[in-house]
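Undergrad: Have a look; sequence and predicted model below, questions after that.
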Amino acid sequence: MMGGQEVWGARWKNCANPLSHRFMEIAMEKQSLVVLAADLKTISSLVKLIELVGPHISALKTHVDMVEDFDIEEWEKVVSCAKKHNLLLFEDRKFADIGKITKTQMGGIYDIRSWADLVTAHRISGPDIVDGIGAGWSDVQRVGGVFLLAQMSSRGNLLTKKYTEETIKTGKGSPHVVGYIGNGSSPEEISLLRKEVGDNQLIWTPGVNLAIGEGELGQRYGNPYDAIMSGSDGIIVGSGIHGADDPVSSAKMYAKESWKALIERDNDG
Ligand code: 5BU
């Protein structure tokens, strides 16, 4: 059994946020760097999917506002099922408002602050958004982590190189920021992002599929193995798993590719 340092290299030593270590540990235990984008519209289908693929994934990414039968008490079924499978709960809310409003949006009917370990945020409104999110968790005596969108996978997005740099500057100075979202469809962009981020924070990448190319409505796909090789630490996979005829064997395949790349890559920068 390989140790954390051996598997994750410099990232294991340097990532200060405890949630990054939890992810790295879970990933080693499951030999999977898969973050499942569980883009389903009902609580029962979510629970069913988690029960199936839970052993082969390390975090569960949700879009809680697409769940048609959302109810905070029923939602507990998703949360407890995720916990049973030792998954980090990651709400891809893409917060973008001013800090004060974002803090309030951590509550509301979805009460994201009470169950999410991780959330995504845009840097567009200014650096204070991350403190707003942190304050949301403080209000319920919880601690969570933020992934800032440094790049996106969709075509024509407006996240320029300069924007990416500013985003990283904000993230580096914040105790709340666990890492960044990078463009999984482009190994070149991931490499650039990794160079700028260094080894102190994680990069997770959507826009990966074993069938690379164009996705629906402007989505772009790159190969999962290449994404990890270029410096991503987590592959965010949606339709590649939940849209497959056999989600379990598909999840296993993504897990295998991601783990193989992690073991093969030079992790010492
Ligand atoms: P897909 O089915 O694997 O294409 O799903 C991708 C998921 O990742 C989906 O939930 C998106 O909201 C999410 N995503 C993305 O695709 N691209 C991005 O740049 C960001 C998030 Br940020």
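TA: Perfect, thanks for sending it.
Undergrad: If we ignore the residues flanking it in sequence, what's nearest the residue in the stretch 51-200 of the chain positioned nearest to the ligand?
TA: Per C-beta to the nearest ligand atom, residue 152 is where the stretch 51-200 of the chain lies closest to the ligand, at 3.3 Å. For glycine as for every other residue, the C-beta is placed from the backbone atoms N, C-alpha and C. In this structure, residue 152 finds its nearest non-sequential neighbour in residue 159, 5.5 Å apart by C-beta to C-beta, 6 or more residues apart in numbering.
Undergrad: This protein against the ligand: which residues are in contact?
TA: 37, 39, 63, 92, 149, 152-154, 181, 206-207, 215, 219, 236-240 (C-beta under 6 Å from any ligand atom).
Undergrad: at 8 Å instead, please
TA: 37, 39, 61, 63, 92, 94, 120, 149, 151-154, 157, 181, 183-184, 206-209, 215-216, 219, 221, 236-240, 242-243 (C-beta under 8 Å from any ligand atom).
Undergrad: Can you select the buried ones from the residues you listed in PyMOL?
TA: Here is the PyMOL command that selects only those of these that count as buried (16 or more other C-beta atoms under 10 Å):
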select buried, resi 37+39+61+63+92+120+149+151+152+153+181+183+184+206+207+208+209+215+219+221+236+237+238+239+240+242
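Undergrad: can you map out the strands along the stretch 51-200 of the chain?
TA: 59-62, 88-95, 118-121, 145-149, 177-181 (DSSP state E, counting those that start in this stretch).
Undergrad: Just the pLDDT at the residue of the stretch 51-200 of the chain closest to the ligand, thanks.
TA: pLDDT for residue 152: 98.
Undergrad: what's the answer for residue 269, then?
TA: So residue 269 comes in at 51 (pLDDT).
Undergrad: which residues touch the residue in the chain positioned nearest to the ligand?
TA: Proximity of the chain to the ligand (C-beta to the nearest ligand atom) peaks at residue 238, 2.6 Å away. Listed by C-beta atoms under 8 Å, 6 or more residues apart in numbering, the contact set of residue 238 reads 36-39, 206.
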